[in-house]
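> Need a 3D model of the sequence below.
(2 chains)
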There are 2 protein chains.
Amino acid sequence: MAENRKYNFAVVGATGAVGQKIIQKLEEKNLPIESLKLLSSKRSAGKKVHFKNQEIIVEEATDDSFKDIDIALFSAGGGVSKRFAPSAVKHGAVVIDNTSAYRMDENVPLVVPEVNEEDIKNHKGIIANPNCSTIQMVAALKPIQEAFGLSRVIVSTYQAVSGAGNQAVEELEKQSEQYLNKQELNAEILPVKGDKNHYPIAFNALPQIDMFQENGYTFEEMKMINETKKIMHAPELSVAATCVRLPFFTSHAESVYVEVEKSNVSVKDVWEVLASAEGVKLEDDPSTQTYPTPLSASNKDEVFVGRVRKDLDQETGFHMWVVSDNLLKGAAWNTVQIAESLIKNNWLK
Amino acid sequence: MAENRKYNFAVVGATGAVGQKIIQKLEEKNLPIESLKLLSSKRSAGKKVHFKNQEIIVEEATDDSFKDIDIALFSAGGGVSKRFAPSAVKHGAVVIDNTSAYRMDENVPLVVPEVNEEDIKNHKGIIANPNCSTIQMVAALKPIQEAFGLSRVIVSTYQAVSGAGNQAVEELEKQSEQYLNKQELNAEILPVKGDKNHYPIAFNALPQIDMFQENGYTFEEMKMINETKKIMHAPELSVAATCVRLPFFTSHAESVYVEVEKSNVSVKDVWEVLASAEGVKLEDDPSTQTYPTPLSASNKDEVFVGRVRKDLDQETGFHMWVVSDNLLKGAAWNTVQIAESLIKNNWLK
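Got it, this is the predicted structure:
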């Protein structure tokens, strides 16, 4: 890393739920920022955002926005990334894309730094940030895979509404008030803004995140399956997912079943590798009712793991409960970590 | 069944969440009731409850309460069942117990009528009603087991607060208001009233239902594992459970993974057996976003199944989403169904 070198950053989608958290993390983690350009759709342009001691005016993204930008962090939906990421790369920027647009592109590294940081250096201008529910799971799976081998994963998720954006957060607030006031619930956003039907999320559970595919799985479930194999370099790993949206605001939780390859692994062995894993925090003591929850994990960077226990029938099977802030490690913080790694390792070019 | 014979009923725990639903179902399903005695603790005695066109005064339960009672429905906690069920049996009543007190007793049938109705006739005075989360799962598993064989079950639950009683319902209401008013959340009941620590349930998820056992599983999880094997007469069946309390009032949902014994079973095959199963309603069409949710299943008697799909790696593996009203099929309705079966089949003695 060039000593003291500073970089020109751009954030695309600066007014969205994740964009706001990215700006917060860029400031908090004190990245070497020469300048910060905040970009958005025409609709949000003109808004003012605080960053350090400045007030930055959000500008409408155009093809020319990326001149002199070194690192562009995209988080404004797949369509915006497809539209502008090539322009950013053409202008010499490295794009870290927080949408699903490029994740499964074989020329694009898909990265969780604690898991596959080395993949960053193979980038050709774009690096993809995985889906929120995938990031926290692979962070917990990696140390287990390294220590004991991993053959199988079955996950059921408990996902916060903020993963569906600010409008979904407002919908949960509004519907919760309507329910408590015995009014009819007004559903317009969830489960999926662009799908045909909308159902109440307040005091409910919706077993649909993103649209359905032909095979009966949702896109969210297929993202967890395919992205996990790519990030972990484990095409043969068996992965199954059921993704469920729930009435809380922040942090996804996951009930994860794994089968390891080694025999005679104990819960204590799993605890040991998780306790020493980077980015993971073990919170697991039944005797004191210690386990992570969405509320306890919110506004924290780590991936929290609890409720580790051995399957009662399958000698190589373990169950665990994985919780992390979906807007931080699941999105903004992982994106900023990739930027840190690019700079620290001098992998920009 | 003796034509026109009517029976003397007692409900113990008449003022509780489940007791109220039992009384409602006894009226709605028009059981042949000669008299209905409502019993409770000293604290709730004296309350008045409507039944058909009468007003019945709740009485404190004593050993003498069960004189001339034919069928006693218990739902007032395991301690009360242990204390009074033997007296009821001694007076000649058949007890249908909705607590965990006798469920694993080898002399007590544990019954979901759609699954193992014949077990009722072996009763020695006490019949146990299974745990709510178990009942709805075995109702969906039974037709699959019969058609294709069943070797393995892994379930992650999404459970309503009403399963923890009326105080937990009030706690969720109160905390939800506190959260929306940006006040501190006051946690006194959940996850488990009798355990040391209490955590907020509003806009959160708690991976603890009932107390922890030595092996790291909760009692709720062990109930699902042990009761499922007993009800299905399948001691060799591999069952694993993770039970999670969530911020909604009524109906439990379950993400269930199963492995069948037969090969080449299709989703369509599974749909067919579920669609024709007694007590089960298939709600499964991704093209129209049709699937059950806790809100859609509330106040209904059936067990609803959706999101049936084949595992992408395991040829004999299937995933599904099972939802039912935890106070009805999960408790009161199943209890009243057992009473109906006792009468219809003349199995009282």
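> Return the nearest residue of the stretch 1-150 of chain A with respect to chain B.
Here the residue of the stretch 1-150 of chain A nearest chain B is A:Leu150; by C-beta to the nearest C-beta that distance is 13.2 Å. All C-beta atoms are positioned from the backbone trio N, CA, C, and that covers glycine.
> residues near that residue, how many?
Applying other C-beta atoms under 10 Å in any protein chain shown, we find 22 residues neighbouring A:Leu150.
> my read: it touches A:Val256, true?
No - in this structure, A:Leu150 is not within contact of A:Val256 by C-beta atoms under 8 Å, at 11.1 Å.
> okay, and the common contacts of these two?
A:Leu141 (C-beta atoms under 8 Å, 6 or more residues apart in numbering or on different chains).
> Next one: the residue of the stretch 1-150 of chain A closest to chain B from A:Glu315, what distance?
Separation of A:Leu150 from A:Glu315 (C-beta to C-beta, to the nearest Å): 15 Å.
> Next: A:Val273.
A:Val273 is 18 Å from A:Glu315, by C-beta to C-beta.
> residues contacting the residue of the stretch 1-150 of chain A closest to chain B?
Contacts of A:Leu150 by C-beta under 8 Å, 6+ apart are A:Leu141, A:Ile144, A:Met232, A:Ala234, A:Leu237, A:Val258, A:Glu259, A:Val260, A:Glu261.
> Kindly report the same for A:Glu259.
A:Leu150, A:Ser151, A:Arg152, A:Gln314, A:Thr316, A:Gly317, A:Phe318.
> Chain neighbours aside, what residue packs nearest to A:Ile33?
Excluding its sequence neighbours, the residue lying closest to A:Ile33 (C-beta to C-beta, 6 or more residues apart in numbering or on different chains) is A:Phe9, at 5.4 Å.
> Surely the one you found is within a strand?
Yes - looking at A:Phe9 with DSSP: H, G, I helix; E, B strand; the rest coil, it is inside a strand.
> For A:Lys329, see how far away it is.
A:Phe9 is 20 Å from A:Lys329, by C-beta to C-beta.
> mind saving the C-alpha coords of the longest helix along chain A as CSV?
In chain A, taking DSSP state H as the definition, the longest helix is helix A:132-148. Output in CSV follows, covering the C-alpha atoms of helix A:132-148 (Å, rounded to 0.1, in the frame of the first residue of the first chain):
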residue,chain,number,x,y,z
CYS,A,132,-26.9,-10.7,3.3
SER,A,133,-28.2,-14.1,4.4
THR,A,134,-25.3,-15.9,2.7
ILE,A,135,-22.5,-13.7,4.2
GLN,A,136,-23.3,-14.4,7.8
MET,A,137,-23.7,-18.2,7.1
VAL,A,138,-20.4,-18.7,5.3
ALA,A,139,-18.6,-16.7,8.0
ALA,A,140,-19.7,-19.3,10.5
LEU,A,141,-19.3,-22.3,8.1
LYS,A,142,-15.7,-21.5,7.0
PRO,A,143,-13.9,-22.3,10.2
ILE,A,144,-15.9,-25.5,10.5
GLN,A,145,-15.1,-26.4,6.9
GLU,A,146,-11.4,-25.8,7.5
ALA,A,147,-11.2,-27.7,10.7
PHE,A,148,-13.5,-30.7,10.0
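> Now that helix: buried residues?
A:132-145, A:147-148 (16 or more other C-beta atoms under 10 Å in any protein chain shown).
> just checking, next helix/strand downstream of that helix?
Scanning forward in sequence from helix A:132-148 by DSSP states H and E, the next helix or strand is strand A:150-158.
> returning to that earlier point: might you report the residue contacts of the residue nearest to A:Ile33?
A:Leu26, A:Leu31, A:Ile33, A:Ser35, A:Leu36, A:Lys37, A:Ile69, A:Asp70, A:Ile71, A:Ala72, A:Leu73, A:Ala339.
> does A:Ala241 sit in a helix, a strand or a coil?
Following three-state DSSP, the label given to A:Ala241 is strand.
> Go ahead and confirm A:Lys193 touches A:Val161.
No - A:Lys193 is beyond contact range of A:Val161, at 11.8 Å (criterion: C-beta under 8 Å).
> More neighbours: which of the two?
Per other C-beta under 10 Å, whichever of A:Lys193 and A:Val161 has more neighbours is A:Val161, with 27 against 13.
> That one against A:Leu190, yeah?
Yes - counting by C-beta under 8 Å, A:Val161 does reach A:Leu190; the two are 6.9 Å apart.
> intersection of neighbour lists for the two?
With C-beta under 8 Å, 6+ apart, A:Val161 and A:Leu190 have common neighbours A:Ala168, A:Glu171, A:Leu172, A:Ile201, A:Arg245.
> Report how many residues lie close to the first one.
Which is A:Ala168. By other C-beta under 10 Å, 23 other residues sit near A:Ala168.
> Give me the contacts around the one helix or strand A:Ile127 maps to.
Using DSSP H and E, A:Ile127 sits in strand A:126-128. Residues from elsewhere that reach strand A:126-128, judged by C-beta under 8 Å, 6+ apart: A:85, A:89, A:94-97, A:101-103, A:105, A:107-111, A:120, A:338, A:342.
> Please indicate which of those residues are buried?
A:85, A:89, A:94-97, A:101-103, A:108-111, A:120, A:338, A:342.
> can you give me the strands for the stretch 51-200 of chain A?
A:54-57, A:59-60, A:71-74, A:94-97, A:126-128, A:150-158 (DSSP state E, counting those that start in this stretch).
> Just name the most buried of the ones you listed.
Stretch with highest mean neighbour count among the strands of the stretch 51-200 of chain A: strand A:71-74 (a mean of 29; mean count of other C-beta atoms under 10 Å in any protein chain shown).
> Could you export it as CSV, CA atoms only?
This file holds the C-alpha atoms of strand A:71-74, laid out as CSV (Å, rounded to 0.1, in the frame of the first residue of the first chain):
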residue,chain,number,x,y,z
ILE,A,71,-13.4,2.8,-5.7
ALA,A,72,-17.2,2.8,-6.4
LEU,A,73,-19.5,1.1,-3.9
PHE,A,74,-22.8,0.2,-5.6
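> Alright, I will stop here.
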